[in-house]
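1. Fold the following.
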Amino acid sequence: MAHCANVVWRDLGYIALLCALLTTIHVWHDWLNPLSLIIFVGSVRFTIPGIWIWFTEADMRVSAVPIFRIMGLGSEQWMRGHILALLGLLGVTIGWLMLGHTDESRSFQIHPRSRPYLSAGIAYSSIVGIFLGFVALIIFVKSNVSIIEAVDTGVFRATQVQQGTGKYFYLSFMLISSSVILTDYFFSRKHAWWLSLAPVTVAMVAFFVLGGRMRSLTSMAAGLLVLRAWRSNAKLSPAAIIGLVSIIVLLSTFFFVGGVYRGGAGLAGVSQTLSLAAILEYLPQAFLIEYGQLQALAGAAAIAPGALRGSTFLEMLWPLTKLSDSSDL
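-> Numbers count the residues shown, from 1 in each chain. Got it, this is the predicted structure:
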């Protein structure tokens, strides 16, 4: 009975999401509005893996993805993780709709005539930020491992980070934010798209050395959103569908290359293993543990309530907790 109730509430939740999405697209006249992006990302990272697990036998899950066996979670934890993801998407959607009436929310759109003029000072400051962020990234890598070794072998993710070097890592984020600003400036001056996306491409390649694929993709994803913002709202067309499929294919290749690279095989291993057959074999697992991140919520659901004794709420007060910790003084 409880299982059937969960199924009913799950279906009602997805129906509510679909109605909110269709309404927003109809009002905005733009299928790539902020709410649709959030729902799309949430669906890829949580909904698709959740539905796959829901309709798959336990033995098939373990054999398909080794991390499921390592985590040792039962069907109840995966179901609760799926429900947590759905509640999160519904919460964001409700907050979006509560911000104002749907008709009024169109005022948040960026129309061609209302786009602000970006002065040359924006370009100069962003270049300085890119330089400082790149220097901080070099210092961070060099403080923990040889730069040549990190680039050639891709072993930085397995490197023990030295205490005190984390500040350079956080400073290196200026490379991401500044590259996005410079990309926005180039688009405002109507430069070619490949030139405008050059700064975020450089940032993506630079952070790829650290092995974190999602972090390195952040700058490129933001750059593509800037590109979309500087173009007029368009309906879903065959060209847009082809573009989305191309992005998915390129993203799959990027994740595959990153997995091989950061696994210790390095640049040489990427050139040896990169093939269409290898990518197709990698895709099923990628949708579950690379694009999909349901295991994080399933693991959180497996922790008993109160097991951490409220420490998570105290950690949210950082850095006040760090300053008040007498052991660090």
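
2. tell me the domain boundaries of the protein?
-> According to automatic domain parsing, the chain is divided into the following domains: 2-109, 118-232.

3. Most tightly packed of those?
-> With neighbours defined as mean count of other CB atoms under 10 Å, those peak in mean count at domain 118-232, which reaches a mean of 17. Yep, even glycine has a C-beta here, placed from its N, CA and C like the rest.

4. now Ile138, nearest residue through space, not along the chain?
-> Closest residue to Ile138 apart from its sequence neighbours, by CB to CB, 6 or more residues apart in numbering: Ile147 at 6.9 Å.

5. hang on, that neighbour packs against Leu137?
-> No. With contact defined as CB atoms under 8 Å, Ile147 does not count as touching Leu137 (10.1 Å).

6. which one of the domains of the chain has the lowest average pLDDT?
-> Note on these: lowest mean pLDDT is at domain 2-109, with a mean of 76.

7. and the most centrally placed residue in the chain, what element?
-> Centroid check for the chain by CA atoms, centre = their mean gives Met214 as the closest residue, at 5.3 Å. Secondary-structure assignment from DSSP states H and E places Met214 in helix 213-229.

8. Check the offset of that helix from the chain's centre.
-> 9 Å (CA atoms, centre = their mean, to the nearest Å).

9. immediately after it, which helix or strand?
-> Heading C-terminal from helix 213-229, the first helix or strand you meet, by DSSP H and E, is helix 238-260.

10. sorry, back to before: state the distance from the residue nearest to Ile138 to Gly258.
-> Ile147 sits at a distance of 19 Å from Gly258 (criterion: CB to CB, to the nearest Å).

11. go on, Ser143?
-> Using CB to CB, one obtains 23 Å as the distance from Ser143 to Gly258.

12. go on, Ala150?
-> If you measure Ala150 against Gly258 using CB to CB, the figure is 14 Å.

13. Same question for Phe46.
-> Using CB to CB, we find Phe46 at a distance of 21 Å from Gly258.

14. outside of stretch 244-255, which residues touch it?
-> By CB atoms under 8 Å, 6 or more residues apart in numbering, the surrounding residues in contact with stretch 244-255 are Arg213, Leu217, Leu274, Ile279, Tyr282, Leu283, Ala286, Glu290, Tyr291.

15. surely the first one meets Gly258?
-> Yes. Using CB under 8 Å, Arg213 and Gly258 qualify as a contacting pair, with a distance of 4.1 Å.

16. So which elements touch the helix or strand where Leu18 lies?
-> Secondary structure here is read from DSSP H and E; on that basis Leu18 sits in helix 2-28. In terms of contacts (3 or more CB pairs under 8 Å, 6 or more residues apart in numbering; DSSP states H and E), helix 2-28 is packed against helix 34-42, helix 75-98.

17. Ok, which of these comes nearest Val226?
-> The closest approach between Val226 and any of the helices and strands packed on helix 2-28, judged by CB to CB, belongs to helix 34-42 at 13.3 Å.

18. got the end-to-end distance for stretch 260-277?
-> Using CA to CA, to the nearest Å, the end-to-end distance of stretch 260-277 comes out at 15 Å.

19. Tell me how far that stretch lies from the chain's centre.
-> Taking the mean of its C-alpha atoms, stretch 260-277 sits 23 Å from the chain's own mean (CA atoms, centre = their mean).

20. check which helix or strand covers the residue lying closest to Phe287 once chain neighbours are set aside.
-> Excluding its sequence neighbours, the residue lying closest to Phe287 (CB to CB, 6+ apart) is Ile48, at 6.2 Å. For Ile48, the host element (DSSP H and E) is helix 48-54.

21. Give me the pLDDT for Gly310.
-> 66.

22. whoops, Arg113 was the one
-> You'll see Arg113 listed with a pLDDT of 45.

23. Ramachandran coordinates for Gln293?
-> Its backbone dihedrals place Gln293 at phi -130, psi 30, with angles given as degrees, to the nearest 10.

24. In contact with it, which residues are there?
-> If you count contacts by CB under 8 Å, 6+ apart, then Gln293 has Arg45, Phe46, Pro49 around it.

25. and which of those is nearest Val92?
-> Using CB to CB as the measure, the one of the contacts of Gln293 that approaches Val92 most closely is Phe46, at 12.2 Å.

26. any idea how far the closest residue in space to the closest one that isn't next to it in sequence is from Ile303?
-> For Phe46, ignoring the flanking residues on the chain, the nearest one in space by CB to CB, 6+ apart is Ala85 at 3.3 Å. Distance, Ala85 to Ile303, by CB to CB: 16 Å.

27. Ile130 is in contact with Met174, isn't it?
-> Yes. At 7.4 Å, Ile130 and Met174 qualify as touching, with contact defined as CB under 8 Å.

28. Export the helices and strands packed on helix 2-28 to CSV and append columns for distance to Arg231.
-> Conversion of the helices and strands packed on helix 2-28 to CSV gives the following (distance: least, CB to CB, whole Å):
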stretch, distance to Arg231
helix 34-42, 15
helix 75-98, 23
